[in-house]
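Trainee: here is the input, now give the coordinates:
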Amino acid sequence: MHKCSCLCEAVILEVEASLDPAEACHCTKCRKWSGHLGVTVEVPRSSVSIQGAENIKWFHSSEKVRRGFCATCGTPLFFDPIDKEKHDWIAISMGAFDTPTETKMGLHIFVAEKGDYYEITDDLPQNEY
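Mentor: I've put the predicted structure just below:
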């Protein structure tokens, strides 16, 4: 089991699933959302339990996805596809994990939109979009 929380601990998550490799998203929206780039891991919805769900606010950043964050401290927590029938997963921000994740980075996405102030220097696969 993995434990996660926001900065102020108003929202606490437990994830009962092993974690796939994380994705680093370099799109403009994720960079604005996170302050640099968005690194998340997708987990089955059924594996996540939430304490303090009333403290989560949702922002619909597109017609396809919403992003969840702590209403008190602002910690980005979730990247959540709207179409639950097509997507039985929710992505959790890697920075929210309190316990060891036992996973690694696996992929860079939306590298065509990455900031001009940094380079991607690892050997991981890079998808333009």
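
Trainee: from here on, just use CA atoms for contacts and neighbour counts.
Mentor: Noted.

Trainee: low-confidence ranges in the chain?
Mentor: Applying pLDDT under 70 to the chain picks out no residues at all.

Trainee: residue boundaries of the strands in it?
Mentor: 2-5, 12-15, 22-25, 38-44, 48-51, 56-60, 65-70, 76-81, 89-93, 105-109 (DSSP state E).

Trainee: could you redo the ones you listed as TSV and give each row distance to Asn127?
Mentor: Formatted as TSV, the strands of the chain follow (distance: least, Cα to Cα, whole Å):
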stretch	distance to Asn127
strand 2-5	28
strand 12-15	27
strand 22-25	10
strand 38-44	14
strand 48-51	28
strand 56-60	24
strand 65-70	20
strand 76-81	19
strand 89-93	18
strand 105-109	5
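
Trainee: single out the most deeply packed of those.
Mentor: Stretch with highest mean neighbour count among the strands of the chain: strand 76-81 (a mean of 23; mean count of other Cα atoms under 10 Å).

Trainee: show residues contacting that strand.
Mentor: 6, 33-34, 40, 64-70, 87, 89-93, 96 (Cα atoms under 8 Å, 6 or more residues apart in numbering).

Trainee: what angle do strand 38-44 and it make with each other?
Mentor: 60 degrees (axes from the mean of the first three to the mean of the last three Cα atoms, to 10 degrees).

Trainee: who does strand 76-81 pair up with?
Mentor: strand 65-70 (antiparallel), strand 89-93 (antiparallel) (DSSP bridges).

Trainee: redo the ones you listed as JSON lines? Include distance to Pro125.
Mentor: Listed next are those as JSON lines, based on distance: least, Cα to Cα, whole Å:
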{"stretch": "strand 65-70", "distance to Pro125": "24"}
{"stretch": "strand 89-93", "distance to Pro125": "19"}
